[in-house]
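# Show me how the following folds:
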Amino acid sequence: MVVFYLLVLTIIALIAIGGFDATLRLVAYIDLLYRHQIVKVRLWVLKQKLQAQLAEDHKTLLKSQEQKNV
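Numbers count the residues shown, from 1 in each chain. This next block holds a predicted model:
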């Protein structure tokens, strides 16, 4: 409960110091940073999957080329 009160007090202080518009811009900026981190994590997961698939396809290609040469 104390965390909630501190959060409300912080928001009120930000509004008092910077104004309502500046506080909303700050909240929007934090929201964008959070969303950007989510996108970066998803891209990293996709990169890992693609690298694994590429390694698997490369092995399959090498095996098929060896069979053609024999």
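# Next one: Val70, what pLDDT does it get?
Turning to Val70, the model gives it a pLDDT of 65.
# Repeat that for Gln65.
Predicted confidence (pLDDT) for Gln65: 89.
# and it, what element?
Secondary structure assigned from DSSP states H and E places Gln65 in helix 20-69.
# What of Ala13?
Here Ala13, judged by DSSP H and E, is contained in helix 2-18.
# For that helix, give me every contacting residue.
22-23, 26 (Cβ atoms under 8 Å, 6 or more residues apart in numbering). In this view, the C-beta of every residue, glycine as well, is placed from N, C-alpha and C.
# got the buried residues for that helix?
Buried residues in helix 2-18, defined by neighbour count with 16 or more other Cβ atoms under 10 Å: Leu14.
# What's the mean pLDDT across that helix?
Model confidence over helix 2-18, given as mean pLDDT, is 92.
# and that helix with helix 20-69, angle?
Interaxial angle, helix 2-18 versus helix 20-69 (axes from the mean of the first three to the mean of the last three Cα atoms, to 10 degrees): 110 degrees.
# rewinding a little: helices or strands up against the helix holding Gln65?
Here helix 20-69 touches helix 2-18, going by 3 or more Cβ pairs under 8 Å, 6 or more residues apart in numbering; DSSP states H and E.
# Can I get the helix it packs on as CSV, trimmed to CA atoms?
Extracted as CSV, the C-alpha positions of helix 2-18 are listed here (Å, rounded to 0.1, in the frame of the first residue of the first chain):
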residue,chain,number,x,y,z
VAL,A,2,2.9,2.3,0.7
VAL,A,3,4.2,1.8,-2.8
PHE,A,4,0.9,3.0,-4.2
TYR,A,5,1.0,6.1,-2.0
LEU,A,6,4.5,6.9,-3.1
LEU,A,7,3.6,6.4,-6.8
VAL,A,8,0.6,8.8,-6.4
LEU,A,9,2.8,11.3,-4.5
THR,A,10,5.5,11.1,-7.3
ILE,A,11,2.9,11.7,-10.0
ILE,A,12,1.5,14.7,-8.1
ALA,A,13,5.0,16.1,-7.6
LEU,A,14,5.8,15.7,-11.3
ILE,A,15,2.6,17.5,-12.3
ALA,A,16,3.3,20.3,-9.8
ILE,A,17,6.9,20.7,-11.0
GLY,A,18,6.7,20.1,-14.7
